[in-house]
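# Next come a sequence and a model predicted from it.
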Amino acid sequence: MDNDDKATDAEQWKHKYLDQLQQLEDHQTQWQRADELLRKTISRLALAAHGQDAYLDERLRKLRDAIRDRASNAQLQVVIDAVSDAMIRLDRRGEHDAPAVAEAPGRGPGFLQRLFGGESDKTPQPAASAGKAATEGVDAIRNILIRLLERLSLPDNLIERAEDVRSQIEQVAGDDAWEAVIEQIAELVQAIRLQTQKEKQGMEDFLLQLSDRLQEVDRQLAGSGRDYDDSFAAGEQLGEAVKQGMSGIESGVREATDLDQVRQVVQSHIDSVLTHMETYRVAEQTRYARARADMAAMSERLHEMESESEALRSRVQDERRQAQTDALTGIPNRLAYQDRLAQEIARWKRFATPLVLLVWDVDLFKRVNDNFGHRAGDKVLRTIARTLADSVRETDFIARYGGEEFVHLMTGSELPDCLVVADKLRERVQATGFHFRGDAVTVTVSCGLARIRDGDSAETWFERADKALYRAKQAGRNRCEPDG
């Protein structure tokens, strides 16, 4: 391997190193976005819970202030623990009243039931109505928590744990058991965060090791350069010694008076030249052996880095795939949709190729969950997702937007053509055979379509498609409605 090859390898590894740094920065951005989303969620939940009790309101205010001031995780943990304590005390006020909470006869509805159960805690109701309201409150909480679980980006090793938490949510029958369930969800979120931090630390450690090894390769290259300079200088010296020897022979022959004297002069200068050549040969042999050892070590390091870099690249790709895949249905999720949406909008702005957004929604999905259970609902979502994903062109894009809603991007086709395709997809879903407890059940979907227009943002474009979906629902469901 000559110096040009060494320089080329070093440059290639420099680019790979910079690529890994860029990937790390991309992951850092994703983690920052996730952290921001969690903070916003906590803040909005704090606002939603405001007004239940003065003692709790004060702690919720401190929580919102901590989020606004970008408090550290440790500081947030202290504030959140205080809020949790206030919520538990408020939920048990019939037994242990929190400060500034007035005495109330008997045990009233729990805090979570009051928070999610609408007006049931404000107006006296008949026993049957109160029972129905309580049931509806439990169902509302259940649906919210299940959707929260679905929004989490779960590593493979935590999917089974999330399923256990979901089973606990589905088995809750009253207000009192939510505390344990929420604690389980909090622990799951913490486990995701810890694993993310562990993976991030692993990447940072690898990049540090890569940097150290690249510096070692750079030192070896520098050493090879010095050996080259030394070899060049030694060659120059040998050339000068040979030149001086030949000059000495020429001068000695010219000045010699007999043949013996000529022989002695020639022999003396030849011996000197041979000595210089032997010194040069030994030095070159040493440099050559050192260069071979350095190249062998460098080659080993490069192979190690290549292997580790490939493993890291594969892991990053797997993690990105997991982060952009809906755990329930196996199709792209909302994060993947947002990335693809940005790409398609940029392409539309450049080439003006027709671009249509379709928003799908499962009709009367709550009835499926209520009548057959959430696992049956999950099966419906998986089947519909696969039906849609398997029935579109390679250039199209299908993702689960959230809950029972899906988004679909179609490029290169005008709105009327997309409407024809959407109707065919709708009919295919309707024809899918669903069976629950031995009974055949027909499940349908509705769809709203909108083509992107000049002046549209991603939000206004989605809003137009969503309004078209609403019209499809109002018109009787199991239909597709275009925008406008």
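Received, thanks. Numbering: from 1, shown residues only.
# Which neighbouring elements make contact with the helix or strand residue 262 falls within?
Counting by DSSP states H and E, the element that carries residue 262 is helix 259-323. Applying 3 or more C-beta pairs under 8 Å, 6 or more residues apart in numbering; DSSP states H and E, we find helix 259-323 packed against helix 3-49, helix 178-255. (Each C-beta comes from the backbone N, C-alpha and C, glycine too.)
# After the first one, which helix or strand is next? Please name it.
So that's helix 3-49. Taking DSSP H and E, what comes next after helix 3-49 is helix 54-68.
# buried residues in that following helix?
55, 56, 57, 59, 60, 62, 63, 64, 66, 67 (16 or more other C-beta atoms under 10 Å).
# Turn those into JSON lines, columns for pLDDT.
JSON lines is the format used below for the buried residues of helix 54-68 (pLDDT from 0 to 100):
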{"residue": "55", "pLDDT": "71"}
{"residue": "56", "pLDDT": "69"}
{"residue": "57", "pLDDT": "74"}
{"residue": "59", "pLDDT": "74"}
{"residue": "60", "pLDDT": "73"}
{"residue": "62", "pLDDT": "76"}
{"residue": "63", "pLDDT": "72"}
{"residue": "64", "pLDDT": "71"}
{"residue": "66", "pLDDT": "73"}
{"residue": "67", "pLDDT": "70"}
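# ok, residue 372 - how many residues close by?
Using other C-beta atoms under 10 Å, residue 372 is surrounded by 17 other residues.
# Oops, could you answer that again for residue 186 instead?
Neighbour tally, residue 186, other C-beta under 10 Å: 12.
# avg pLDDT for the helix holding residue 262?
If you average the pLDDT over helix 259-323, you get 77.
# Just want the angle from it to helix 178-255.
Angle, helix 259-323 to helix 178-255, by axes from the mean of the first three to the mean of the last three C-alpha atoms, to 10 degrees: 170 degrees.
# Now find how far off-centre the helix or strand following helix 259-323 is within its chain.
Downstream of helix 259-323, the first helix or strand assigned by DSSP H and E is helix 334-351. The chain centroid and the centroid of helix 334-351 are separated by 18 Å under C-alpha atoms, centre = their mean, to the nearest Å.
# cool, stretch 229-241 as well?
That offset, for stretch 229-241, works out to 58 Å (C-alpha atoms, centre = their mean).
# try stretch 327-344
12 Å.
# Next, the contact list for the residue nearest to residue 430 when sequence neighbours are not counted, please.
The shortest distance from residue 430 to any non-neighbouring residue, by C-beta to C-beta, 6 or more residues apart in numbering, is to residue 444 (5.1 Å). Counting by C-beta atoms under 8 Å, 6 or more residues apart in numbering, residue 444 makes contact with 362, 363, 426, 429, 430, 477, 478.
# Give me the pLDDT value at residue 444.
For residue 444, the model assigns a pLDDT of 95.
# And for residue 235?
You'll see residue 235 listed with a pLDDT of 72.
# What number of residues are in the vicinity of it?
12.
# residue contacts, it?
residue 280.
# Confirm residue 360 sits in a strand?
Yes - assignment of residue 360 by DSSP: H, G, I helix; E, B strand; the rest coil places it within a strand.
# Is the nearest residue to it once chain neighbours are set aside within a helix or a strand, and which one?
Nearest-residue entry for residue 360: residue 406, 4.2 Å, with adjacent residues in sequence omitted and distances by C-beta to C-beta, 6+ apart. In the assignment (DSSP H and E), residue 406 maps to strand 405-411.
# Can you find the helix or strand of the chain with the lowest average pLDDT?
The helix or strand of the chain with the lowest confidence, counting by mean pLDDT, DSSP states H and E, is helix 111-116 at a mean of 42.
# so how many other residues sit close to residue 166?
There are 22 residues near residue 166, going by other C-beta under 10 Å.
# Contacts for the helix or strand containing it next, please.
Assigned by DSSP H and E, residue 166 falls within helix 156-171. Helix 156-171 has contacts (C-beta under 8 Å, 6+ apart) with 142, 145-146, 149, 152, 154, 180-181, 184-185, 188, 191-192, 195, 322, 327, 373-375.
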